[in-house]
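would you be able to build a 3D model of this:
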Amino acid sequence: MSARAHPWLAALRVYLHPRVAGMLFLGFSAGLPLLLVLGTLSFWLSEAGIDRATIGHLSWVGLAYGFKFLWSPLVDRLTLPFLTRTFGRRRAWLLLSQLCILLALLGMANTDPVLNLTHMVFFALAVAFASATQDIALDAYRIEAVEVEKQGAMAATYQAGYRIAMITAGAGALWIAAAFDPSEATYDFHPWQVAYTVMALLMSIGLLTTLVIREPEHSVMPPRIAEEGFLRWLTGSFVQPFMEFFARFKWQALLILALIAVYRISDVVMGVMSNPFYQEMGFTKDEVATVSKVYGVIMTIAGAGLGGLLTLRIGVMRTLMLGALLSAATNLLFVWLAGIGHDVGALVFTVSADNLSAGIASSAFVAYLSGLTNQAYSATQYALFTSVMLLLPKFIAGFSGEFVDAWGWASFFTGTALIGVPVLILVWLAGRGALAAPNLEQGGQGDQRT
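Got it, this is the predicted structure:
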């Protein structure tokens, strides 16, 4: 084997690192609850005869993920009685949130929405809130657990676990419900009870992983309320993390937030209309489920793995640019697909390219965000970044249906590609050093965070 292959073999070994491998199971724990309070729940409610307007309103429980920065300072600074002392700062919050998710999913499993929709809403909100809290603690753990050059690999294994969980909570939950359903013609609560009970028990994967992993060595324990007084603790928890970010980057902080706000905008806006598009093109549910929901997720995992390797070999910023370019360009494949119509081969090619590029972009983006955080406030600052990442694209995506009605599919997909152009400009500025944290410009240059 030539010497040129050795650096890539060394790069591959990063996935054998215990904490990198552990992120696969923690990513599964993070990804499992999402569809259970959104897509899968909507299917259940629809089968139960709940009207579409109510189902649409219930999708707002997902806003818990967009506003998690509001309580992220508590996760960053508040110690939990017994748990923090026994398991450490990050693992304590992981255990608490995972246990709450498990119990709330069991609550959903034992609630028939036909008989008590209010209780179902309460349990779904509890799952979403606890899941968002788990995300805060997990992001902080990932940032603190390894050095910057391994963040791309951590993001890749996290995404792999996350996507596997989405297959499980989406197709898996439906398959379980179907297996226990005596008749598709009438609604039966029991199949859904079994499916959600199984999903709840699968949260034990995250619980066991949290018990096995070690607390990050460099996790800084925050002062207790009694040690510094309530007002000083409140200021340190809710104000200082944001002040520190703006003090560190000064005017560039606004440009960084602009980059974060638009980096995934092409994918998010396009993704809202993807399923209606497939349906109008004549693709069956089986074709969409197989190609988009299973095969497409596999391609995303492959892209995430490739993105992790690229961040290690060529650096975060170059991979960030590649991901942004591919994400915008692959949206044009949907223009081509709209012209062809119902063609499974074309669908496979389009979904493959789109999801592969999304995986590369996600790995690089997570590594970039991780490098921007100060480890003293990692949970709070990272939650701010991910909230900024979601809010603008989600808001704009809400108007995507009206755009398609007015201009058609080809113009819509062309537009989603064009809105990726400002992203390329901002990443280019970042690559010149205007927005990049100094430890991200060349990938493996070392961790310079305080």
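
return the set of buried residues in whichever strand or helix holds Arg318.
Taking DSSP states H and E as the criterion, Arg318 maps to helix 316-330. For helix 316-330, the neighbour count (16 or more other C-beta atoms under 10 Å) marks 316-328, 330 as buried. For every residue, glycine as well, the C-beta is placed using N, CA and C.

check contacts around the nearest residue to Gly323 once chain neighbours are set aside.
Nearest non-adjacent residue to Gly323, counting by C-beta to C-beta, 6 or more residues apart in numbering: Ala361, 2.9 Å away. Neighbour list for Ala361: 263-264, 267, 303, 307, 320, 323-324, 326-327 [criterion: C-beta atoms under 8 Å, 6 or more residues apart in numbering].

and the residues you listed, which two are the farthest apart?
Spanning the widest gap among these are Tyr263 and Gly303, at 15.4 Å by C-beta to C-beta.

how about stretch 76-92 as PDB, C-alpha atoms only?
Provided in PDB are the C-alpha atoms of stretch 76-92 (Å, rounded to 0.1, in the frame of the first residue of the first chain):
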ATOM      1  CA  ASP A  76     -25.200  25.000  31.400                       C
ATOM      2  CA  ARG A  77     -25.000  26.400  34.900                       C
ATOM      3  CA  LEU A  78     -27.600  24.700  37.200                       C
ATOM      4  CA  THR A  79     -26.400  21.700  39.200                       C
ATOM      5  CA  LEU A  80     -28.800  18.900  39.800                       C
ATOM      6  CA  PRO A  81     -29.100  17.400  43.300                       C
ATOM      7  CA  PHE A  82     -27.300  14.100  43.600                       C
ATOM      8  CA  LEU A  83     -27.100  13.600  39.800                       C
ATOM      9  CA  THR A  84     -24.400  16.200  39.100                       C
ATOM     10  CA  ARG A  85     -22.300  15.000  42.100                       C
ATOM     11  CA  THR A  86     -22.600  11.400  41.000                       C
ATOM     12  CA  PHE A  87     -22.400  11.600  37.200                       C
ATOM     13  CA  GLY A  88     -20.900  15.000  36.400                       C
ATOM     14  CA  ARG A  89     -22.200  18.200  34.900                       C
ATOM     15  CA  ARG A  90     -23.200  17.000  31.300                       C
ATOM     16  CA  ARG A  91     -24.100  13.400  32.100                       C
ATOM     17  CA  ALA A  92     -26.500  14.500  34.800                       C
END
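
and stretch 182-190, how far apart are its ends?
10 Å (C-alpha to C-alpha, to the nearest Å).

sorry, wrong one. I was asking about stretch 327-342.
With C-alpha to C-alpha as the measure, the ends of stretch 327-342 fall 23 Å from one another.

for stretch 142-158, same thing?
So stretch 142-158: terminal residues 9 Å apart, C-alpha to C-alpha.

just confirm Ala145 contacts Arg19, I think it does.
Yes. In terms of C-beta atoms under 8 Å, Ala145 counts as a neighbour of Arg19; the distance is 4.8 Å.

show me the contacts for the closest residue to Phe277 other than its chain neighbours.
Once flanking residues are discounted, Phe277 sits nearest to Trp409: 6.1 Å by C-beta to C-beta, 6+ apart. For Trp409, the contact set (C-beta under 8 Å, 6+ apart) comprises 277, 280, 334-335, 338.

and for Val348?
Val348 sits next to 291, 295 when contact means C-beta under 8 Å, 6+ apart.

so how far is Ser357 from Met108?
Between Met108 and Ser357 the computed distance is 34 Å (C-beta to C-beta, to the nearest Å).

cool, and Arg232?
For Arg232, the distance to Ser357 - C-beta to C-beta - is 47 Å.

could you do Glu244 as well?
Distance, Glu244 to Ser357, by C-beta to C-beta: 34 Å.

quick one: which of these two has more around it?
More crowded of Glu244 and Ser357, by other C-beta atoms under 10 Å: Ser357, with 27 against 17.

surely the more buried one meets Leu332?
No. Ser357 is beyond contact range of Leu332, at 11.5 Å (criterion: C-beta under 8 Å).

which non-adjacent residue is nearest Tyr158?
Leaving out its chain neighbours, Tyr158 is closest to Gly27 (C-beta to C-beta, 6+ apart), at 3.9 Å.

quick one: contacts for Leu391?
Taking C-beta under 8 Å, 6+ apart, we find Leu391 in contact with 66, 261.

buried stuff in the host helix or strand of it?
According to DSSP H and E, Leu391 maps onto helix 378-397. Judged by neighbour count using 16+ other C-beta under 10 Å, the buried positions of helix 378-397 are 378-390, 392-394, 396-397.

show me which of the contacts of Trp409 is closest to Phe403.
Of all these, Phe277 has the smallest distance to Phe403: 12.4 Å, by C-beta to C-beta.

that closest one and Phe413, how far apart?
According to C-beta to C-beta, Phe277 stands 8 Å off from Phe413.

tell me, what's touching these two both at once?
Shared contacts of Phe277 and Phe413, defined by C-beta under 8 Å, 6+ apart, comprise 334, 338.

between those two, which one's more packed in?
Higher neighbour count among Phe277 and Phe413: Phe413, with 24 against 18, using other C-beta under 10 Å.

so what's the spatially closest residue to the more buried one that is not a sequence neighbour up against?
Leaving aside its chain neighbours, Phe413 sits nearest to Phe334 (4.1 Å; criterion: C-beta to C-beta, 6+ apart). Contact analysis of Phe334 by C-beta under 8 Å, 6+ apart lists 270, 277, 350, 354, 409, 413.
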